[in-house]
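Asker: quick check, what structure comes out for this input:
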Amino acid sequence: MNMIRALLDRSLQVFCCILFVCMVGVASWQVITRYILNSPSTMSEALLRFLLIWLSMMAIAYVSGKRGHVSLTLLGDHLTGSIKKLLDISIEAIFIVFALSVFIYGGIQATANTMSQTYPMLQIPKAFIYVSLPVAGTIITIYCILNCISLYRNIAIKGVDEQ
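Answerer: Below is the predicted model of the structure:
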């Protein structure tokens, strides 16, 4: 279980860093072409938007794996023991339902609906943007299952529970 979490963590870290470096490069190219060459790049803004969507979806998945997502802790802070554990596992179960219904099911529907549409500036199917939803949803679901197992076994989740 720890090996799966470590592999997912490392893969997402590397992927997000690569996306971010690509974004910096594309944004720099846009500035150079616009202000130095006086001939702005036509596709850099569209590519930045594409990369930002993918970076955001993968970062959301990574943060959910660390249980670093925004949450109201008013009730959880006053609970202890098995009731707190039940609340935490219930929150993870709600995340699983949300990821399965919105990210995966909705993402697959959006991807299928946009497969024949072309992103004009990049000349790629729009589905390449929307496929980030089911990918992120799958990763979130895996992380939530791992979190439930860790919570059930009283294993600290690295990143959040050690604070």
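
Asker: burial count for the nearest residue to Thr118 once chain neighbours are set aside?
Answerer: Distances taken as C-beta to C-beta, 6 or more residues apart in numbering put Pro125 closest to Thr118, at 6.2 Å, once the chain neighbours are dropped. Yep, even glycine has a C-beta here, placed from its N, CA and C like the rest. The number of residues packed near Pro125 is 16, by other C-beta atoms under 10 Å.

Asker: can you map out the strands along the chain?
Answerer: When assigned using DSSP state E, the strands of the chain occupy the ranges 118-119, 124-125.

Asker: list the helices and strands the last one packs on?
Answerer: Helices and strands in packing contact with strand 124-125 are listed as strand 118-119; criterion 3 or more C-beta pairs under 8 Å, 6 or more residues apart in numbering; DSSP states H and E.

Asker: how far off centre is the strand it packs on?
Answerer: Its chain's C-alpha centre lies 23 Å from the corresponding centre of strand 118-119 when counted by C-alpha atoms, centre = their mean, to the nearest Å.

Asker: just checking: what are the partner strands of that strand?
Answerer: Based on DSSP bridges, the pairing partners of strand 118-119 within the sheet are strand 124-125 (antiparallel).

Asker: mean confidence for the partner strand?
Answerer: For strand 124-125, mean pLDDT rounds to 90.

Asker: what of stretch 56-63?
Answerer: Taken as a whole, stretch 56-63 has a mean pLDDT of 94.

Asker: please renumber so the chain begins at 777
Answerer: Yes, from this point I'll number from 777; that puts the last item at stretch 832-839.

Asker: list the contacts of it.
Answerer: In this structure, residues lying in contact with stretch 832-839 by C-beta atoms under 8 Å, 6 or more residues apart in numbering are 785, 788-789, 791-792, 795, 845, 908-909, 911-912, 915-916, 919.

Asker: in the longest helix along the chain, what's buried?
Answerer: Scanning the chain for the helix with the most residues, using DSSP state H, yields helix 778-807. Buried positions in helix 778-807, judged by neighbour count with 16 or more other C-beta atoms under 10 Å: Arg781, Leu784, Asp785, Leu788, Phe791, Cys792, Leu795, Cys798, Met799, Val802, Trp805, Gln806.
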